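> Next comes the sequence, and after it the predicted model I'd like to discuss.
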Amino acid sequence: MDTAPAGAFDSTLVLLTVEEAARRLRIGRTVCYRLISSGELESITVGHLRRVPVDAVPEFVTRRRKNQQPTTTATATAA
């Protein structure tokens with residue numbers, strides 16, 4: 001049983017399980033596997049295990065944010 005608070009992360013971790021990465025991104029496990037399969041979210045194999053490097057999660061978010069269209073700025077300018 002996981003006794004850590006919901007928002008607490010172990011800062012010493014280098015690799016995350018797919019479930020841990022999904023939890024940090026607030027997405028489902030299946031969606032996380034889909035992102036890994038498409039190459040959008042970096043992962044590596046260790047033996048037979050799939051792991052996501054800790055730094056791959058914020059890098060993924062940064063790339064997604066850069067690719068988003070700034071709709072709020074365009075709407076505010078038109079008003």
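Thanks, I have it.

> Identify the residues contacting Leu16.
Applying C-beta atoms under 8 Å, 6 or more residues apart in numbering to Leu16 gives the contacts 24, 51-54, 57. Just so you know, the C-beta spots here come from the backbone N, C-alpha and C atoms, and that holds for glycine as well.

> Assign it to helix, strand or coil.
strand (DSSP: H, G, I helix; E, B strand; the rest coil).

> Mind pulling up the pLDDT for it?
Note for Leu16: predicted pLDDT of 97.

> Bridged to it, which residues?
Beta-bridge pairing for Leu16 (DSSP bridges): Val52.

> Turn the contacts of Leu16 into JSON lines, columns for neighbour count.
Shown next, in JSON lines, are the contacts of Leu16 (neighbours: other C-beta atoms under 10 Å):
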{"residue": "Arg24", "neighbour count": "16"}
{"residue": "Arg51", "neighbour count": "20"}
{"residue": "Val52", "neighbour count": "25"}
{"residue": "Pro53", "neighbour count": "16"}
{"residue": "Val54", "neighbour count": "18"}
{"residue": "Val57", "neighbour count": "19"}
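
> These into TSV, with extra columns for pLDDT and distance to Gln68?
Converted to TSV, the contacts of Leu16 look like this (pLDDT from 0 to 100; distance: C-beta to C-beta, whole Å):
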residue	pLDDT	distance to Gln68
Arg24	97	19
Arg51	98	27
Val52	98	22
Pro53	98	23
Val54	97	23
Val57	97	17
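
> And the residues you listed, which two are furthest apart?
Arg24 and Arg51 (13.4 Å; C-beta to C-beta).

> Give me the neighbour count for Ala22.
By the criterion of other C-beta atoms under 10 Å, Ala22 has 22 neighbours.

> Actually, Asp10.
Asp10: 9 neighbours (other C-beta under 10 Å).

> how about Arg63, what does it touch?
Arg63 neighbours (C-beta under 8 Å, 6+ apart): Glu40.

> Distance check, it against His48.
28 Å (C-beta to C-beta, to the nearest Å).

> try Gly39
Gly39 is 20 Å from His48, by C-beta to C-beta.
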